[in-house]
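1. pasting a predicted model and its sequence here:
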Amino acid sequence: MDYRLELQRALDAARPVLGTGRVADYIPALGAADPHAFGLALATVDGEVHGVGDWETQFSIQSISKLFTLALALASEEALALWHRVGREPSGTPFNSLIQLEAEQGIPRNPFINAGAVVVTDRLLSLTGDAAGAVREFLRAESGNPRLDTDLAVAASEAQHGHRNAALAHFIASYDNLENPVEAVLGHYYAHCAIAASCRDLALAGLFLARHGLRADGSRLLSRSDAKRINAVLLTCGTYDAAGDFAYRVGLPGKSGVGGGILAVVPGRGTLCAWGPALDRAGNSVGAVTALDAFTTNTGWSVF
Ligand SMILES: NC(=O)CC[C@H](N)C(=O)O
């Protein structure tokens with residue numbers, strides 16, 4: 001396959017919809033992003049990396065970080081207990097919804113909605129002493145970009161306007177499903193969501209899931225089985241209440257974030273990361289979904 005040509009065709013497919021949707025502004029520091037920006041990167045398990053558009057521009061990874069917190073928590077031998085504290089079913093509700101938490105007694109539906117990611121961040125904090133630092137160091141190592149870091153202005157902006165996440169975290173704590181103080185857990189949650197990275201960085205950092213659990217240096221992060229399981233949860237829950245539509249259109253495990261990025265995994269082959277800041281109503285990038293849809297439709301690179 002001519003990777004560059006296929007990436008260009010996917011960009012061309014996305015071009016007409018760029019700017020459609022809304023840039024997230026409930027975190028004010030994200031509101032300044034250019035709705036017409038767009039990048040797409042492909043990294044293969046054979047070591048090829050290609051990109052088109054703004055693929056080397058840094059953006060706020062937001063909920064894409066939830067994929068890495070889950071992987072790092074599961075990589076710990078103590079993490080078996082995690083699945084008692086968070087479920088793995090699609091929520092069918094928005095990523096920041098409070099409704100299910102009461103009905104399900106403080107056990108979030110899955111690790112990729114905010115409530116679930118708060119629980120996973122709490123676990124990772126207990127396991128490592130520095131949850132956001134663990135995510136940052138992992139991303140640096142896998143992407144080969146030592147400058148990758150948290151954007152402190154974005155983290156502060158989210159903390160300042162974080163009433164809903166604070167409500168979720170306190171609610172979870174009221175069911176004794178947090179091990180650490182709410183403020184500490186939220187601080188790490190905001191800090192890993194506010195990491196700035198490019199499509200290139202994220203495509204490289206996600207390759208361990210395409211390599212069935214192996215890191216860039218050849219060491220094993222996850223068992224083959226756990227890598228399969230994370231890909232399964234990404235497919236069913238990674239794009240919130242639009243996961244069904246994403247599976248229908250793109251046919252890949254993927255994780256979106258309100259910064260406009262989507263990281264998708266083609267098991268055994270590689271990863272794709274698309275970015276365009278304007279979002280649909282579920283909080284997924286309109287341009288990124290369109291480009292990934294075109295790429296998998298044109299190339300047949302899907303899990304189906
Ligand atoms: N869907 C997202 O990307 C949401 C992440 C964001 N940090 C929040 O907690 O609201």
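-> That came through fine. Numbers count the residues shown, from 1 in each chain.
2. just for the stretch 1-150 of the chain, where's the confidence low?
-> Along the stretch 1-150 of the chain, segments meeting pLDDT under 70 span 78-79.
3. residue contacts, the most centrally placed residue in the chain?
-> The structure's the chain has its C-alpha centroid closest to residue 64; by Cα atoms, centre = their mean the separation is 1.5 Å. Contacts for residue 64 (Cβ atoms under 8 Å, 6 or more residues apart in numbering) come out as 202, 255, 256, 257, 259, 261, 262, 263. Placement of C-beta: from N, CA and C, glycine included.
4. near the ligand, which of these show up?
-> Taking Cβ under 6 Å from any ligand atom as the test, the ligand is in contact with residue 257 out of these.
5. who wins for neighbours among the contacts of residue 64?
-> Counting neighbours by other Cβ atoms under 10 Å, residue 202 comes out on top of the contacts of residue 64 with 34 neighbours.
6. grab the nearest non-local neighbour of that one.
-> residue 273 (4.3 Å; Cβ to Cβ, 6 or more residues apart in numbering).
7. what is the one you found paired to in the beta sheet?
-> residue 41, residue 263 (DSSP bridges).
8. separation between the residue of the stretch 101-250 of the chain found nearest the ligand and residue 214?
-> Nearest to the ligand, among the residues of the stretch 101-250 of the chain, is residue 193, at 3.6 Å (Cβ to the nearest ligand atom). Plainly put, residue 193 is 26 Å away from residue 214 if you go by Cβ to Cβ, to the nearest Å.
9. do the same with residue 186
-> For residue 186, the distance to residue 214 - Cβ to Cβ - is 33 Å.
10. who has more neighbours out of the two?
-> Neighbours of residue 186 and residue 214, each counted by other Cβ under 10 Å, are more numerous for residue 186; the result is 22 against 18.
11. can you tell me the SS state at the more buried one?
-> Secondary structure, DSSP: H, G, I helix; E, B strand; the rest coil: residue 186 is helix.
12. get me the contact residues on the stretch 101-250 of the chain for the ligand.
-> So the stretch 101-250 of the chain meets the ligand at 114, 158, 165, 193 (Cβ under 6 Å from any ligand atom).
13. so which of the residues you listed sit within helices?
-> 114, 158, 165, 193 (DSSP state H).
14. tabulate those residues (TSV), appending neighbour count.
-> What follows is these, written out as TSV (neighbours: other Cβ atoms under 10 Å):
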residue	neighbour count
114	21
158	23
165	22
193	30
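15. just the helices in this structure please.
-> With helices called from DSSP H, the chain shows them at 3-14, 65-75, 82-85, 99-103, 114-128, 131-143, 152-160, 163-174, 182-193, 199-205, 207-210, 224-237, 243-249, 286-299.
16. which one of these lies nearest to residue 27?
-> helix 152-160 (4.7 Å; Cβ to Cβ).
17. what's the angle between the closest one and helix 182-193?
-> With axes from the mean of the first three to the mean of the last three Cα atoms, to 10 degrees applied, the angle from helix 152-160 to helix 182-193 works out at 140 degrees.
18. tell me what angle helix 152-160 forms with helix 131-143.
-> 140 degrees.
19. which residues touch helix 152-160?
-> 27-30, 60, 165, 186-187, 190-191, 193-194, 196.
20. of these, grab the buried ones for PyMOL.
-> Selection command for PyMOL covering only the buried members of the contacts of helix 152-160, criterion 16 or more other Cβ atoms under 10 Å:
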select buried, resi 27+29+30+60+165+186+187+190+191+193+194+196
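21. give the contact list for the closest residue to residue 242 other than its chain neighbours.
-> Among residues not flanking residue 242 along the chain, residue 282 sits closest, at 3.8 Å (Cβ to Cβ, 6+ apart). Listed by Cβ under 8 Å, 6+ apart, the contact set of residue 282 reads 94, 239, 240, 241, 242.
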